[in-house]
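Student: With the sequence up front, the predicted model follows.
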Amino acid sequence: MKKHPTTTLLLLTFCLAAGQLPCRAQSTATPSSIAKTWLAALNRHDTLALSALYADSAKVFSPNWEGAQTGPRGIREVYHRYFTSTPDLQHRLIHLIVTDSALVIEYSQGGTLQNPEGGTPAYMQGKKYELQCCTRMDIRNGKIQQQISYFDQVAFLRQMGFFEQMGK
């Protein structure tokens, strides 16, 4: 049966007033589904899908930069940097701990540093790396509220040849 345009408009108005439109509805994403979506989006290098997982006020911390990145815009900027510098960057799940409000994701990430950012020594370009990483996320209302990531910076520098350069 075809809906009459007036019926559709009345339903739309009612939903708007009640806050029940899909864009306003509470997310039904579970922490487990967020983890799977996060890893899949990382491997596709999909910054839009990644940023959609975060609350507007989400704080993201990493030893890769100073201070927190905030919200979806900060997420897109940070991951764009990673995907640009290492176009073949891939992530592999090692272990996942899920609660109703938090995730701990242990994973490896690796690729080849093809397009180093400004200030990166030239000898690092073209070097392959693989790192063991751990990310903890706080989840509320189906969105990531805070994320803290850790990795072994010394292992990264070793794989990039940093210590060999110091001996020269």
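Tutor: Noted; the coordinates are in hand. Residues are numbered from 1 along each chain as shown.

Student: Could you look up the SS state of Gly119?
Tutor: Under DSSP: H, G, I helix; E, B strand; the rest coil, the three-state class of Gly119 is coil.

Student: That one and Ala49, how far apart?
Tutor: Using Cβ to Cβ, to the nearest Å, we find Gly119 at a distance of 29 Å from Ala49. Quick note: C-beta positions are derived from backbone N, CA and C, even for glycine.

Student: These two: who's more crowded?
Tutor: Between Gly119 and Ala49, counted using other Cβ atoms under 10 Å, Ala49 has the larger neighbour count: 14 against 5.

Student: what's the helix or strand harbouring the more buried one in contact with?
Tutor: Per DSSP states H and E: Ala49 is located in helix 47-52. Outside helix 47-52, the residues that touch it by Cβ atoms under 8 Å, 6 or more residues apart in numbering are 37-38, 40-42, 72-73, 75-76, 79-80, 83.

Student: 6 Å instead, please
Tutor: Residues from elsewhere that reach helix 47-52, judged by Cβ atoms under 6 Å, 6 or more residues apart in numbering: 41, 72, 75-76, 79-80.

Student: What residues sit buried inside it?
Tutor: Across helix 47-52, burial judged by 16 or more other Cβ atoms under 10 Å covers 47, 50-52.

Student: With respect to Asp152, which of the residues you listed is nearest?
Tutor: Leu50 (22.9 Å; Cβ to Cβ).

Student: Closest to Arg92 out of the contacts of helix 47-52?
Tutor: Proximity of those to Arg92 (Cβ to Cβ) peaks at Ala41, which lies at 14.5 Å.

Student: Which residue lies closest in space to the closest one, excluding its sequence neighbours?
Tutor: Nearest residue to Ala41 in three dimensions, chain neighbours excluded: Ala49, at 3.9 Å (Cβ to Cβ, 6 or more residues apart in numbering).
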